[in-house]
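A.B. asks: Got a predicted model here, sequence first, then my questions.
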Amino acid sequence: MNDKLPLIEVVDLHKVYGELHALNGISEKIYPGEVVVVIGPSGSGKSTFLRSLNLLEVPDKGQVLFEGVDITDKKVNIDAHRQRMGMVFQHFNLFPHKTILENITLGPIKLKGLSKEEAEKQGLDLLRRVGLEDKATTYPAKLSGGQKQRIAIVRALAMEPDVMLFDEPTSALDPEMVGEVLELMKELAREGMTMAVVTHEIGFAKEVATRVIFMDEGQIKEQGEPEGFFGSPKEPRLQDFLSKVL
Amino acid sequence: MGERLYDALIDGGGYKYIISGLGNTLFITFFAVLIGILIGFIVAMVRATYDRTGKGFLPDLICRIYLTVVRGTPVVLQLMIIFYVVFASVNIPKVLAAIIAFGLNSGAYVAEIFRSGIMAVDAGQFEAGRSLGFTYSQTMRLIIMPQAFKNVLPALCNEFIVLLKETSVAGYIALQDLTRGADIIRSQTYDAFPPLIIAAAIYLVMVVIFTKLVSILERRLRSNER
């Protein structure tokens, strides 16, 4: 794995909100093809970490290198880099005033210069893949949570990103809808998509992750491949955390 | 009653005052609304950008001063100051002065309506737009503004109703709008009831029609989301 260049590299990230040191010196590398799952108690900084990878959170200190380019540099065109980093949110954030197909094609048409026909063809292919092609002309308000989240994933995929960031993608879902979203994420992982996932789904981490990271108090306390990570955790905080969630 | 109406409108040509007054009222309102939307949009963007990103302190400060002054003083005085003070040395048409005054006035209220609409759109919408790679202004234009517009349509409609009726103070600069026209008839016929009630009825009918149109538009905009 380490013969490749990292896709994302963060160097000594710090982020402070008033009293809270949300990120306290995070350095980490994510390599192409990796599925990195970040777990940790709430307030551990795991979402802040993920959101700083595409600079939705601007770190107070430190660097984020995406494909070798320091995107925290003010001179860098962050929008161009974000086009290659898909992001999926806890609350889906579909555009309520646009149809499902328009949600998916907006980015490709406006940002990648695809014609409407090309973008719609691609969008319909993606919809077919997740079994929602019959929803193309409906509006997000008509969909279930699980459907919304699958559309949100498809919307990000339509930009053909090099990495997908998932910020607690199943936390706002009813339990019976979690499966369909995780299934799609597993499929992406199998296809070799590089993924960084903040989640509470330990089962997903065990099954799909190539690497699991445990964060607490704004720091990475422990990490490793799922087997060793869950089988024989070393850090007492992680042991304590796992005893509560498993 | 019929005779009093006849005296007021036909005999002595009172209807001409009503018709030309109505024309002025509509003319002033229409262009004041356009100016109000333009100013309101710009001010709202400056203020929302500062609220969201912390950028543009000075433009935001200028906008806040404008809002404070306009909302803190009566529109009649603003109108008189524009006409008798600001344009004292230049001879501009009264209608133009009124359009400028009412437009400037309305812009302040429209700005705050737009801004509240922008701020009411979920922050996640903004993040979703930016995460796809849209610039700040693309996100505003393609994702935030269409939703904000829907949010504020009722408040915006209300503001234009207020504006239509507020133009009735244009008589203070001796401009013959609908209200002033009715008042002239009153002073000529020595009968206040017919002209004033007629003018009031005309305002009422215009407001009712306008409200109806907006509610149709609103329903159409909403229907596609369900």
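C.D. replies: Noted; the coordinates are in hand. The structure displayed is predicted, hence computed values, not measured ones.

A.B. asks: for the closest residue in space to residue B:146 that isn't next to it in sequence, helix, strand, or coil?
C.D. replies: In this structure, residue B:146 finds its nearest non-sequential neighbour in residue A:97, 5.0 Å apart by C-beta to C-beta, 6 or more residues apart in numbering or on different chains. (Each C-beta comes from the backbone N, C-alpha and C, glycine too.) Reducing the assignment to helix, strand or coil with DSSP: H, G, I helix; E, B strand; the rest coil, the entry for residue A:97 is coil.

A.B. asks: hang on, isn't residue A:97 packed against residue B:148?
C.D. replies: No: counting by C-beta atoms under 8 Å, residue A:97 stays clear of residue B:148, with 10.2 Å between them.

A.B. asks: what about these two, which has more around it?
C.D. replies: Set side by side, residue A:97 and residue B:148 show more neighbours around residue B:148, with 23 against 19, by other C-beta atoms under 10 Å in any protein chain shown.

A.B. asks: tell me the contacts of the more buried one?
C.D. replies: Contacts of residue B:148 were listed using C-beta atoms under 8 Å, 6 or more residues apart in numbering or on different chains, and they are B:114, B:117-118, B:120-121.

A.B. asks: Check residue A:71 too.
C.D. replies: Applying C-beta under 8 Å, 6+ apart to residue A:71 gives the contacts A:55, A:64-65, A:78, A:81.

A.B. asks: and the gap between it and chain B?
C.D. replies: 12 Å (C-beta to the nearest C-beta, to the nearest Å).

A.B. asks: re earlier: could you dump the contacts of residue B:148 into a markdown table and include neighbour count?
C.D. replies: A markdown table is the format used below for those (neighbours: other C-beta atoms under 10 Å in any protein chain shown):
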| residue | neighbour count |
| --- | --- |
| B:114 | 26 |
| B:117 | 22 |
| B:118 | 24 |
| B:120 | 11 |
| B:121 | 20 |
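
A.B. asks: Could I get the average pLDDT for stretch A:102-118?
C.D. replies: The average pLDDT for stretch A:102-118 rounds to 96.

A.B. asks: And that stretch, how far out from the chain middle?
C.D. replies: Taking the mean of its C-alpha atoms, stretch A:102-118 sits 22 Å from the chain's own mean (C-alpha atoms, centre = their mean, to the nearest Å).

A.B. asks: list the buried ones in it?
C.D. replies: Applying a neighbour-count criterion of 16 or more other C-beta atoms under 10 Å in any protein chain shown, the buried positions in stretch A:102-118 are A:102-111, A:114.

A.B. asks: thinking again about what came up before, list residues touching both of residue A:97 and residue B:148?
C.D. replies: Between them, residue A:97 and residue B:148 have no joint contacts when contacts are counted by C-beta under 8 Å, 6+ apart.

A.B. asks: Give the helix, strand or coil label for the closest residue to residue A:9 other than its chain neighbours.
C.D. replies: With C-beta to C-beta, 6+ apart as the criterion, residue A:9 has its nearest non-adjacent residue at 4.3 Å, and that residue is residue A:65. Three-state assignment for residue A:65 (three-state DSSP): strand.

A.B. asks: can you pull up the bridge partners for residue A:65?
C.D. replies: According to DSSP bridges, the residues that bridge with residue A:65 are residue A:9, residue A:70.

A.B. asks: Now for it: which residues touch it?
C.D. replies: With contacts defined as C-beta under 8 Å, 6+ apart, residue A:65 is in contact with A:6, A:8-11, A:71.

A.B. asks: picking up where we left off before, in helices only, show me the contacts of residue B:148.
C.D. replies: With helices defined by DSSP state H, the entries of the contacts of residue B:148 inside them are B:114, B:117-118, B:120.

A.B. asks: Turn those into a markdown table, columns for pLDDT.
C.D. replies: Formatted as a markdown table, the entries for the ones in helices among the contacts of residue B:148 read as follows, by pLDDT from 0 to 100:
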| residue | pLDDT |
| --- | --- |
| B:114 | 95 |
| B:117 | 94 |
| B:118 | 94 |
| B:120 | 93 |
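
A.B. asks: Same list, the residues you listed, but as TSV with distance to residue B:144 please.
C.D. replies: Converted to TSV, the ones in helices among the contacts of residue B:148 look like this (distance: C-beta to C-beta, whole Å):
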residue	distance to residue B:144
B:114	11
B:117	9
B:118	6
B:120	10
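
A.B. asks: Up against chain B, what does chain A have?
C.D. replies: Chain A comes close to chain B at residues A:54, A:56, A:79-87, A:89, A:91, A:93-97, A:106-107, A:110-111, A:139, A:141-142, A:152, A:155-156, A:159, as judged by C-beta under 8 Å from any C-beta of the partner chain.

A.B. asks: Please spell out the PyMOL selection for the buried subset of those residues.
C.D. replies: Under the burial definition 16+ other C-beta under 10 Å, those of these that qualify are selected in PyMOL by:
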select buried, chain A and resi 54+56+79+81+82+83+84+85+86+87+89+91+93+94+95+96+97+106+107+110+111+139+152+155+156+159
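
A.B. asks: for the chain, which helix is longest?
C.D. replies: I'll assume chain A. In chain A, with assignment by DSSP H, the single longest helix is helix A:175-190.

A.B. asks: try again with chain B
C.D. replies: For chain B, assigning by DSSP H, the longest helix comes out as helix B:14-53.

A.B. asks: Show me which residues of it are buried.
C.D. replies: Buried-residue list, helix B:14-53, by 16+ other C-beta under 10 Å: B:14, B:17-18, B:21-22, B:24-25, B:28-29, B:31-33, B:35-37, B:39-40, B:43-50.
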